[in-house]
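Engineer: coords below, sequence missing:
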């Protein structure tokens, strides 16, 4: 496992204007100006956090999907970000994991933000995505997922003798009004999971008048804030140190004393799966 260069793009978003956002992010990606392994965009980066799914949802392999493939091919980096996708007449807040060459994976947001009625528009995801890139195991999640530590709990695999992931990653539209919770929870997720945490939030004001002030950040497994950006658009590339991560896990193997647990689906999820079968 070598060091991993990760680029966070913290940006204002054009409200419900897909083409404008794709053009703006393409310019920002070309401003990175150095080699990078991972490029991270905010939640719903091509529309803002809107419930207008019937108007803005895309089928897979359409323009945002193709745009992300183009960005991955041109930069040689893994590109991550979420947008609104429709599948079988359902809507998902879907994170796309796009590698150069077109290999991709998806993660659908598990915890839907009921205070904005997201659960009335979107269907919840059913499983985590943990995948490997450049030797790093990465677990990408979306915004409100941050408040639910059981869903992101890192565990030790006795077969591989490794933690299930090395980097926990969040894309978000997290408002200024609750940014203290954002800062605290990101540190907590890093500490409890003995993992790096990287998180990208947006800035600006959305079409509902909600203000965002960024605080995109990288946190070390010790809970140290390696980097944070407040209030302004920014593009930042940070190198995560693989040796430091493993050395800390070797010195402080708290994962060996972790409690066993399992996640049980609620009635809604059971009904949802039954309806798909």
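Structural biologist: Yep, that arrived. The shown structure was predicted, so the numbers you read here are calculated from the model rather than taken from an experiment.
Engineer: Who are the packing partners of the longest helix anywhere in the chain?
Structural biologist: Counting by DSSP state H, the longest helix found in the chain is helix 179-193. With contacts defined as 3 or more C-beta pairs under 8 Å, 6 or more residues apart in numbering; DSSP states H and E, helix 179-193 has these neighbours: strand 167-171, strand 196-200, strand 211-219. Using the backbone N, CA and C atoms, a C-beta is placed for each residue, glycine as well.
Engineer: Residue 49 is nearest to which of those?
Structural biologist: The closest of the helices and strands packed on helix 179-193 to residue 49 is strand 211-219. By C-beta to C-beta, the value is 9.0 Å.
Engineer: Taking strand 196-200 as reference, get the angle to the closest one.
Structural biologist: On the basis of axes from the mean of the first three to the mean of the last three C-alpha atoms, to 10 degrees, strand 211-219 is oriented at 160 degrees to strand 196-200.
Engineer: Quick one: distance of strand 211-219 to the chain centre.
Structural biologist: How far strand 211-219 lies from its chain's middle: 13 Å, per C-alpha atoms, centre = their mean, to the nearest Å.
Engineer: quick one: strands adjacent to it?
Structural biologist: The strands beside strand 211-219 in its sheet (DSSP bridges) come out as strand 196-200 (antiparallel), strand 203-205 (antiparallel), strand 225-230 (antiparallel).
Engineer: so which of the ones you listed comes closest to residue 86?
Structural biologist: Here strand 196-200 is closest among the strands paired with strand 211-219 (C-beta to C-beta), at 24.1 Å.
Engineer: Now distance to residue 91 too, for the helices and strands packed on helix 179-193, in TSV please.
Structural biologist: Below are the helices and strands packed on helix 179-193 laid out as TSV (distance: least, C-beta to C-beta, whole Å):
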stretch	distance to residue 91
strand 167-171	17
strand 196-200	22
strand 211-219	22
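Engineer: Of those strands, which stretch is the most buried?
Structural biologist: Of all these, strand 196-200 carries the top mean neighbour count, a mean of 28, counting by mean count of other C-beta atoms under 10 Å.
Engineer: Could you confirm residue 27 falls within a helix?
Structural biologist: Yes: secondary structure assignment places residue 27 in a helix (DSSP: H, G, I helix; E, B strand; the rest coil).
Engineer: what's the burial count for it?
Structural biologist: 9 (other C-beta atoms under 10 Å).
Engineer: Make residue 1 into 21 and carry on from there
Structural biologist: Sure, I'll start numbering at 21, so the last one becomes residue 47.
Engineer: about what we covered before: could you provide the helices and strands packed on helix 199-213 in TSV, with additional columns for mean pLDDT and distance to residue 22?
Structural biologist: Shown next, in TSV, are those (pLDDT from 0 to 100; distance: least, C-beta to C-beta, whole Å):
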stretch	mean pLDDT	distance to residue 22
strand 187-191	98	13
strand 216-220	98	14
strand 231-239	98	17
